[in-house]
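Q: Give me a 3D structure for the following:
(2 chains)
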Amino acid sequence: MGKYMRRRLLQVIPVLLIVTVVVFFMVHLSGDPTSMMLPQDATQEARENLREALGLNRPLHVQYWIFIKGLFQGDFGISHKYNAPALPIVLERIPASLELCAVSIVLSVVIAIPLGVWAARAHGTPFDSLVNALAVLGQAMPSFWIGIMLILLLGVKWTLLPVSGRGSMAQLIMPSVTLAIGTSAQIIPLVRSSMLEIVHEDYIRTARSKGLSERTVIYRHAFKNALVPVITMVALQIPALFGGALITETIFAWPGLGQLMVTGVTNHDMAIVQACILMITFITIVVNLCADMLYCLIDPRIRM
Amino acid sequence: MERQTTLEVRNLNVYFKTAGGNRTQAVRNLSFQVGSGELLGIVGESGCGKSVSSLAIMGLLEFPAIAEADKICLMGTDISKNSREEMRKLRGSELSMIFQEPMTSLNPLFTIGAQLSDTIALHQECGKAEAKRRAVEMLEKVGIPRAEAVYKSYPNELSGGMRQRVMIAIALANSPKLLIADEPTTALDVTIQAQILELMRDLIQDSNTAILFITHDLGVIAEMADRVLVMYAGSIVEEADVMTLFHNCAHPYTQGLLDSTIKVHEIHDELRCIEGVVPSLRDMPSGCAFHPRCPYAQEDCRSQRPELRKTAEGHAVACLHPLRGRWNHD
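A: Next up is the predicted model:
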């Protein structure tokens, strides 16, 4: 297992390098940041001067080289909007993103796994159909609509919860529920279908033939086998929630990475956008590594 | 020596519910008994209801299959009306089963030890350490070398033959009164098959366990069984002790099965088989279910369903025109 993990860790380096190339060129080819930094009526000369000062007139590969050298020294560039190094600004947002991501993942797993298992056990009954219908509904409702509905009902009409910002537990409820609805709607059908498949496996019949209780058969013998695809799904959802909760973060004015990235894009703040994407890439890789380790722990056949 | 009856089945019927509320019958009025220390073979082609009957006895049938029986007596107690919980307690202790497919019958995510000691701990109500000790002992008993190491290994680290030994260890761990072996050697290659059969024979000689041995391999039956039930299309067509069956069978289907086996000392131009296939449950022929394939079928076979009739002590056949006297296997 140690050898396998070392190999997986080494694979991280080329992945990160490729991502830097993609991110750098996409950001640099997507427009001129000086258009946002100078007033509309600035002269062409002032524009040229700024481009020269920012090093934007140099060939792209030279700029990329400078960018990479900076990365190795922890320099992600200067954000022109905040007029400060980009990395600390991004790092400052991570706790907020982490908090929202962790709570919504836990919430969606807590909702999805029991519902998926119960639906599989009650296969073909009205309960199963109800869970299926809820999952389809959850997938069909866009998060911005759920968010706005929650704000309208819980925030405005019944004034039960604060509608925006971060700081208290109450402020965390609505954004995390919004995210958890969509995520659990994706996990439920997966849990249900993998459980349905596994309860017909020969080893489940063996477990029953040994006289194990139905509870042990389902929750120990079947569920552990159903976990592998579920872990894959959750591992895919974590980065999506971490950096990709743009809409939800914007609706609830949640000061996370997603929101920072959206403002970075609208301001053409290259350093911020690059730093955000690299951070999300890094987190994606770490989460995938953790998922791989979990597979190894669960399934001895992967430990080769 | 008079054997004590371990299992007695009276009129077991198994149905499958189909869409539209209809039901088709997979097993029809199955009645037999098996005594302690006896090995009763059940033979027949695929789809004859052998496995379904054994799952019905174990209480392991799942919807849409439904079992009904006048009685299923285990050691004199009728278990056919048992609740699910009562059946669960019997499984693994009094009743146990070995399945056909050793490669998929063990849970890939649990160690051999965990899968063996959980049934021991459950039914013998002993602590973890004691369960482990007994599990390792059991692994040694079924001829597994380095039992301590195998105890800690996962199924994917073992060969098919080893896994089937583990399955046997699991099935016999709590000294069951009845063991159902559902084609335990079919998925194994011939040399391993011989080892497993020998192991089973050794293990049962020491105990009084009654065994239902399901197979379609008559060679295995000849080697292992005391008595044989031949099943066709969900019913018993012939019941005899093993010598009678091989030398003096009375049902044309049994004869067909015997003729289909390959005999080493004979030269075959072509392999013989029984023409046609087992009828589908939805499309059972009238009268004798075997008549469309039977070379001796007569007019009355099409309309009359033959009952299982005793023709001699320990020999019964369900045929309107049994072969006795007309044909002799020798």
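Q: could you measure residue B:182 against residue B:53, distance?
A: 10 Å (Cβ to Cβ, to the nearest Å). Quick note: C-beta positions are derived from backbone N, CA and C, even for glycine.
Q: Same drill for those two, tell me which one is more crowded.
A: A direct count of neighbours by other Cβ atoms under 10 Å in any protein chain shown for residue B:182 and residue B:53 places residue B:53 higher, at 29 against 21.
Q: and the more buried one, what element?
A: Using DSSP states H and E, residue B:53 falls within helix B:50-58.
Q: and if you look at residue A:115?
A: Per DSSP H and E: residue A:115 is located in helix A:86-121.
Q: And residue B:16, by the same measure?
A: Assigned by DSSP H and E, residue B:16 belongs to strand B:5-17.
Q: ok, that strand: who's next to it in the sheet?
A: Note on strand B:5-17: by DSSP bridges, its sheet partners are strand B:23-35 (antiparallel), strand B:65-68 (antiparallel), strand B:71-74 (antiparallel).
Q: buried set for it?
A: Across strand B:5-17, burial judged by 16 or more other Cβ atoms under 10 Å in any protein chain shown covers B:5, B:6, B:7, B:8, B:9, B:10, B:12, B:13, B:14, B:15, B:16.
Q: Which residue is the nearest non-sequential neighbour of the closest residue to chain A within the stretch 151-300 of chain B?
A: Residue nearest to chain A within the stretch 151-300 of chain B (Cβ to the nearest Cβ): residue B:154, separated by 4.1 Å. Spatially, and ignoring its direct neighbours in sequence, residue B:154 is nearest to residue A:300 (4.1 Å; Cβ to Cβ, 6 or more residues apart in numbering or on different chains).
Q: I'd like the distance between the one you found and residue B:135.
A: Taken as Cβ to Cβ, the span from residue A:300 to residue B:135 is 18 Å.
Q: Compare the two and say which is more crowded by neighbours.
A: Shown here are residue A:300 and residue B:135; by other Cβ under 10 Å, residue B:135 has more neighbours (25 against 18).
Q: What residues does that one make contact with?
A: By Cβ atoms under 8 Å, 6 or more residues apart in numbering or on different chains, the contact set of residue B:135 is B:113, B:116, B:117, B:120, B:151, B:169, B:173.
Q: Identify the residues contacting the residue nearest to residue B:154.
A: Residue A:300 neighbours (Cβ under 8 Å, 6+ apart): B:108, B:109, B:154, B:156, B:157.
Q: What parts of the stretch 201-304 of chain A come near chain B?
A: Selection of the stretch 201-304 of chain A residues close to chain B by Cβ under 8 Å from any Cβ of the partner chain yields A:201-203, A:205-214, A:216, A:221, A:224-225, A:298-301.
Q: and the closest residue to chain A within chain B, how many neighbours?
A: In chain B, the residue that lies nearest chain A is residue B:92 (3.2 Å; Cβ to the nearest Cβ). Residue crowding around residue B:92 was assessed by other Cβ under 10 Å; the count is 26.
Q: what's near enough to touch it?
A: Listed by Cβ under 8 Å, 6+ apart, the contact partners of residue B:92 are A:209, A:210, A:211, A:212, B:119, B:122, B:123, B:173, B:174, B:176.
Q: For it, which non-adjacent residue is closest in space?
A: Spatial nearest neighbour of residue B:92, chain neighbours left out: residue A:211 (3.2 Å); criterion: Cβ to Cβ, 6+ apart.
Q: Just want the residue of chain A that's nearest chain B.
A: Across chain A, the shortest distance to chain B (Cβ to the nearest Cβ) belongs to residue A:211, at 3.2 Å.
Q: Quick check: that residue is in a helix.
A: No: in this structure, residue A:211 is coil, not part of a helix, as judged by DSSP: H, G, I helix; E, B strand; the rest coil.
Q: can you pull the pLDDT of it?
A: Note for residue A:211: predicted pLDDT of 93.
Q: I figured it hits residue B:88, correct?
A: Yes: contact criterion Cβ atoms under 8 Å: residue A:211 and residue B:88 qualify, at 5.3 Å.
Q: excluding its backbone neighbours, what's nearest residue 162?
A: With no chain named, the answer covers chain A. Leaving aside its sequence neighbours, residue A:162 sits nearest to residue A:171 (Cβ to Cβ, 6+ apart; 5.1 Å).
Q: Chain B was what I was after
A: Per Cβ to Cβ, 6+ apart, closest to residue B:162 is residue B:144, 6.4 Å.
Q: Counting neighbours, what do you get for that neighbour?
A: By other Cβ under 10 Å, the residues close to residue B:144 number 20.
Q: so how far is stretch A:292-304 from its chain's centroid?
A: The chain centre lies 23 Å from the centre of stretch A:292-304; the measure is Cα atoms, centre = their mean, to the nearest Å.
Q: Quick check: buried residues in it?
A: Neighbour counts over stretch A:292-304 (16+ other Cβ under 10 Å) mark A:292, A:294, A:295, A:296, A:298, A:299, A:300 as buried.
Q: likewise stretch B:232-241?
A: By 16+ other Cβ under 10 Å, the buried positions in stretch B:232-241 come out as B:232, B:233, B:234, B:235, B:236, B:237, B:238, B:239, B:240.
Q: Reformat those as JSON lines; add distance to chain A.
A: Compiled in JSON lines, these are given as follows (distance: Cβ to the nearest Cβ, whole Å):
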{"residue": "B:232", "distance to chain A": "25"}
{"residue": "B:233", "distance to chain A": "24"}
{"residue": "B:234", "distance to chain A": "21"}
{"residue": "B:235", "distance to chain A": "25"}
{"residue": "B:236", "distance to chain A": "24"}
{"residue": "B:237", "distance to chain A": "28"}
{"residue": "B:238", "distance to chain A": "29"}
{"residue": "B:239", "distance to chain A": "26"}
{"residue": "B:240", "distance to chain A": "29"}
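Q: what comes into contact with stretch A:271-284?
A: Here stretch A:271-284 has contacts from A:15-16, A:19-20, A:23-24, A:27, A:67, A:71, A:76-82, A:85-87, A:89-90, A:94, A:238-239, A:242-244, A:257, A:260-261, A:263-265, using Cβ under 8 Å, 6+ apart.
Q: coming back round to it: burial of the residue nearest to residue B:92, as a residue count?
A: Neighbours around residue A:211, by other Cβ under 10 Å: 22.
Q: No more questions from me, cheers.
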